[in-house]
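S.K.: Got a sequence here, can you build the structure:
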Amino acid sequence: MTNAASSGAEQNRLREADATPAWRRWGPYLSERQWGTVREDYSAGGDAWAYFGHDQARSRAYRWGEDGIAGISDDEQRLCFSVAMWNGRDPILKERLFGVTNAEGNHGEDVKEQYFYLDSTPTHSYMRMLYKYPQREFPYEDLLATGRSRGRGDFEYELLDTGIFDESRYFDVFVEYAKATAEDVLVRVTVHNRGPDPATLRLLPTLWFRNTWSGERPAGRPALREVPDVPGLSVVAAEHETLGTRWLLCQGEHDLLFTENETNSARLFGSPNATPYVKDGIDRFVVHGETAAVNPARTGTKVAADVVLDLPPGGSATIRLRLTDEAVDAGLPDDRSSQAEFDALVERRRAEADEFYDDRIAPGLRGSEQMVVRQALAGMLWSKQYFGYDVEQWLAEHGLDPLDAQGVRNGDWFHLDSHDIISMPDTWEYPWFAAWDLAFQAVTLGMVDIEFAKGQLDLLLSRRFMHPNGQIPAYEWNFSDVNPPVHAWAVYLLYELEKSRTGSGDRAWLENAFHKLSKNFTWWLNRKDVDGRNVFQGGFLGLDNIGVFDRSAPLPTGGHLDQADGTAWMALYCQNMLQIAVELAEADPVYIEQAQTFVEHFAWIAVGVNRTVGKAETMWDDEDGFFYDLLRLPDGSATRMKVRSMVGLLPLAAVTVIGPEVTGRYPQLVEQTRDFVAGHPSVESVLSQGRFEGGRGHFMLALFDESRLRRILARMLDEDEFLSPYGIRSLSRSHADRPFELDVLGQRYSVSYLPAESDSGMFGGNSNWRGPVWFPMNALLIRSLLNLHVYYGEEFTVECPTGSGVTMTLFEVAKEISERLTRIFLPGEDGRRPCYGGNHIFADDEHWRDLVTFSEYFHGDNGAGLGASHQTGWTGLVAVFPNLFANLTSRDLLDHGIIGGFRAPRTEER
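M.R.: Below you'll find the model as predicted:
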């Protein structure tokens, strides 16, 4: 399958990349942070943050990956390139981004830098990034001390708060990459002095090998060496046994500083070094003047070109480099040797990126919206990183038997062996995959690179990742934790998106995914339905502090929680598997039986949600018109946990409509379903005929009827509850004045509306689900509203906002929510983007005005970005929403239906 039906230089490269990996071999796969990760943690107690901190990172060789600023590597991260720098004042070389650890930040870990991903094509034939480097001494100690002194009720102390950028005393460092060929990468670094005085920057473009020659399974030792006497160039040859030889060329004759990517044991541990030249040798040479710290023989495994830039006020300078597989002995081998030709090729790749996005971004969007979409996609593509983690080897290096490592982090996952390029949620705060994040990320990536997106879902379902028992690994800190099962939804959506673009779907891929998803579905049935009543638990389900208790821990009351969200996720899982089975049945009728199975699974879940047995309560509260978790006590009684949160809105997301084209093609499925419903009174009472089959031949699977739907929507669209000016909140604003409180064994537990950061340490305290706006949940609610609109049609309207007197169709409600979400990133009448809260510099300064970051979540009242500041991961969905509604009308939706929840352009429309 090709990536799209359109043409163009980048599209042609994508087609080539689908057939051979060459165009994807080099990319932004270098992490922004490798220190503080589980992979690098060899401590006895498992405290990754304390074991390997930022202060050690410059001196200690990593085991499983590498990090740097604006860096690239090959897809196995053997050879790495990034940009280091020194302003003449900092105590250390700026080689990697700084941030506080989980224990140092008042709301958990947090990067303390200003950097922006500006552009990227999916093959990384063109990329552009900006790093803002202060000219004053970087305030490391101030950031640490002030952060430690603040409590959970205080704002976080950010780099902009320190005044370090006052008077514009900083450098703008733009880094661009352009591929001349798949193996020939041009690098252009342009530095601007934004300050009022002359300033000097030592720029140190750095090339190094990941240390694979140490450890339990050593590989051959690679080597870097200077290629001398090349006029006008500084040249390094990089020789590797599997990568071959590459050459780095830097225009201009600069001093080359060589050292080894080996740990400085003398500095860290007081023990002798294995070599006189160690990882921090370049830092010691440049910052501390230790001339003996670099190798005079001009060989090693790490090297930097020492480029000194003296810049007048407002001045700039450009450095050009090239990383290539073409042999270099005397000069550049072709016309790219000239500065003009070099720049012309970079600009050509930039123009091809514009051409590519002109085809992928709806032309009806305003310029400001197009820019947001483009930068969101750039952040998504820059967040692809190498993730190396062989758990069996990692356990063995801890001195553990991988087959008997109970009680050790990820000890049950000894089979997991990753050496892959994976879309990460955030390149600094979350530089590791998270299973449910990745499903949403794949949906967005499908806009630009369908094959890569499909490959990401394949990876989670592969034998190297999925547990033999069927569980999908959650995230690095605890693979055994449970993330929501959204992967079937993502699989079906990508399948339909590709089918829409190319005229045919990848049926073999869909069928393969279906069988693996069936295994995972069975794991959920067997592990997360405690008493077999088709009501599910799941645990924290990625929603951190949304509950009264830690939902993954034993409850202080005893018993267990029946989770409205866990059950809704399983209902949606059934619906998506039904959709996939129906699609596969077109070529193989055996899948009709599978489809019927998932219809019946869904029906029993609907019964479990709605029925009352003995003293037990249902999740639905008829007085409040809302779904709640149920606290089931050891004596069999149950109490509704009456917290109005996203947990109770998620049953609304579990809606799927099956159109007449399906029911007409498979009448046996319709008849079998009718017979099943009629044969089970408990099912029939929940899925009554008038609710199950619409007047236009549509079938709807939902956990509620029209009456309950209207009551849920009345709460969701109430601006005093869930409807924020910037999307749907994760907790009702009503809890600001009326917190939910519960006394258990003399201890009071409460949940109140917190529109910004968390005041709880639950799950590290760095994420908050008690009031902010989260994009993935809004995406699923938009999907359900579109499904409901297809079922009910334009005659069904509701007040939006509740109490306003303004009525809307459900299509219009979906569009309204989309526009509120997008508004977070758009400049208002005062020029300020809500995502930046009170930071005026982003509105007032021309060098900040068009820069956007995409945070983890957003303030429930003012839209300010919170949490991880570069989590373009699932927040990248902002690229989908305006694109979706730019050309989509209510009539289109009713005439053509929806694709996996979001309608994609059809082939004939392109």
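S.K.: which non-adjacent residue is nearest Leu788?
M.R.: Once flanking residues are discounted, Leu788 sits nearest to Leu810: 4.9 Å by Cβ to Cβ, 6 or more residues apart in numbering. Backbone N, C-alpha and C define where each C-beta goes, glycine included.
S.K.: contacting residues for that neighbour?
M.R.: Applying Cβ atoms under 8 Å, 6 or more residues apart in numbering, we find Leu810 in contact with Leu785, Leu786, Leu788, His789, Tyr792, Phe796, Val798.
S.K.: mind checking how far the helix or strand in which the first one is found is from the chain centre?
M.R.: Under DSSP states H and E, the secondary-structure element containing Leu785 is helix 775-792. Using Cα atoms, centre = their mean, to the nearest Å, we find the averaged C-alpha position of helix 775-792 to lie 21 Å away from the chain's own average C-alpha position.
S.K.: next helix or strand past it?
M.R.: Assigned by DSSP H and E, the successor of helix 775-792 is strand 797-799.
S.K.: what comes up buried for that following strand?
M.R.: Neighbour counts over strand 797-799 (16 or more other Cβ atoms under 10 Å) mark Val798, Glu799 as buried.
S.K.: where's stretch 259-271 relative to the chain centroid, distance-wise?
M.R.: 34 Å.
S.K.: likewise stretch 235-246?
M.R.: The answer for stretch 235-246 is 33 Å, by Cα atoms, centre = their mean.
S.K.: So which residues of the stretch 751-900 of the chain form strands?
M.R.: With DSSP state E, counting those that start in this stretch as the criterion, the stretch 751-900 of the chain has strands at 797-799, 807-809, 857-858, 865-866.
S.K.: closest to Glu816 out of those?
M.R.: Proximity to Glu816 (Cβ to Cβ) singles out strand 807-809 among these, at 6.7 Å.
S.K.: Other residues contacting that closest one?
M.R.: With Cβ under 8 Å, 6+ apart, strand 807-809 has contacts from His789, Glu794, Phe796, Thr797, Val798, Glu799, Cys800, Glu816, Ser890.
S.K.: Out of these, which one has the lowest pLDDT?
M.R.: Among the contacts of strand 807-809, Ser890 has the lowest pLDDT, at 91.
S.K.: Can you get me a residue count around the closest residue to Ser43 other than its chain neighbours?
M.R.: Distances taken as Cβ to Cβ, 6+ apart place Tyr51 nearest to Ser43, at 3.9 Å, with adjacent residues excluded. Using other Cβ atoms under 10 Å, Tyr51 has 17 other residues around it.
S.K.: Surely Gly153 forms part of a helix?
M.R.: No: Gly153 sits outside any helix when classified using DSSP: H, G, I helix; E, B strand; the rest coil, being coil.
S.K.: Go ahead and confirm it touches Ser760.
M.R.: No: using Cβ atoms under 8 Å, Gly153 is not in contact with Ser760; the gap is 11.3 Å.
S.K.: These two: which is more packed in?
M.R.: Neighbour count, other Cβ under 10 Å: between Gly153 and Ser760, Ser760 has more, with 17 against 10.
S.K.: got the phi/psi numbers for the more buried one?
M.R.: phi -120, psi 150 (degrees, to the nearest 10).
S.K.: Going forward, count from 52.
M.R.: Understood, numbering begins at 52; the last thing we discussed is Ser811.
S.K.: Checking the residue nearest to it when sequence neighbours are not counted next. Helix, strand or coil?
M.R.: Distances taken as Cβ to Cβ, 6+ apart place Asn596 nearest to Ser811, at 4.6 Å, with adjacent residues excluded. Following three-state DSSP, Asn596 is assigned to coil.
S.K.: distance of Asn596 from Cys301?
M.R.: From Asn596 over to Cys301 the distance is 49 Å, taken as Cβ to Cβ, to the nearest Å.
S.K.: before we move on, what about His449?
M.R.: 41 Å.
S.K.: Which one's more surrounded, the two?
M.R.: Comparing His449 with Cys301 by other Cβ under 10 Å, the one with more neighbours is Cys301, at 23 against 17.
S.K.: how much space is there between that one and Leu255?
M.R.: For Cys301, the distance to Leu255 equals 10 Å [Cβ to Cβ].
S.K.: just so I have it, where are all the strands in the stretch 352-501 of the chain?
M.R.: Assigned by DSSP E, counting those that start in this stretch, the stretch 352-501 of the chain shows strands spanning 353-362, 367-375, 435-441, 468-474.
S.K.: With just CA atoms, put the last one into CSV.
M.R.: Pointing back at strand 468-474 there. What follows is strand 468-474, C-alpha atoms only, in CSV (Å, rounded to 0.1, in the frame of the first residue of the first chain):
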residue,chain,number,x,y,z
ASP,A,468,13.2,-6.8,23.2
SER,A,469,13.0,-3.4,21.6
HIS,A,470,15.4,-1.8,19.1
ASP,A,471,12.9,0.3,17.3
ILE,A,472,11.9,3.8,16.2
ILE,A,473,8.8,4.7,18.2
SER,A,474,6.6,7.8,18.4
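S.K.: who's in contact with Arg203?
M.R.: Going by Cβ under 8 Å, 6+ apart, Arg203 touches Asn157, His158, Glu808, Ser809, Asp810, Ser811, Gly812, Gly816.
S.K.: so where is the stretch 252-401 of the chain shaky, pLDDT-wise?
M.R.: 380-388 (pLDDT under 70).
S.K.: Tell me which stretches of it form helices.
M.R.: Ranges of helices within the stretch 252-401 of the chain are 316-320, 332-339, 390-411, based on DSSP state H, counting those that start in this stretch.
S.K.: Pipe those helices into a markdown table and attach distance to Ile143 and mean neighbour count per row.
M.R.: Formatted as a markdown table, the helices of the stretch 252-401 of the chain follow (distance: least, Cβ to Cβ, whole Å; neighbours: other Cβ atoms under 10 Å):
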| stretch | distance to Ile143 | mean neighbour count |
| --- | --- | --- |
| helix 316-320 | 12 | 14 |
| helix 332-339 | 6 | 22 |
| helix 390-411 | 31 | 17 |
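S.K.: okay if I get these as CSV plus distance to Ala937?
M.R.: Converted to CSV, those look like this (distance: least, Cβ to Cβ, whole Å):
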stretch, distance to Ala937
helix 316-320, 54
helix 332-339, 49
helix 390-411, 12
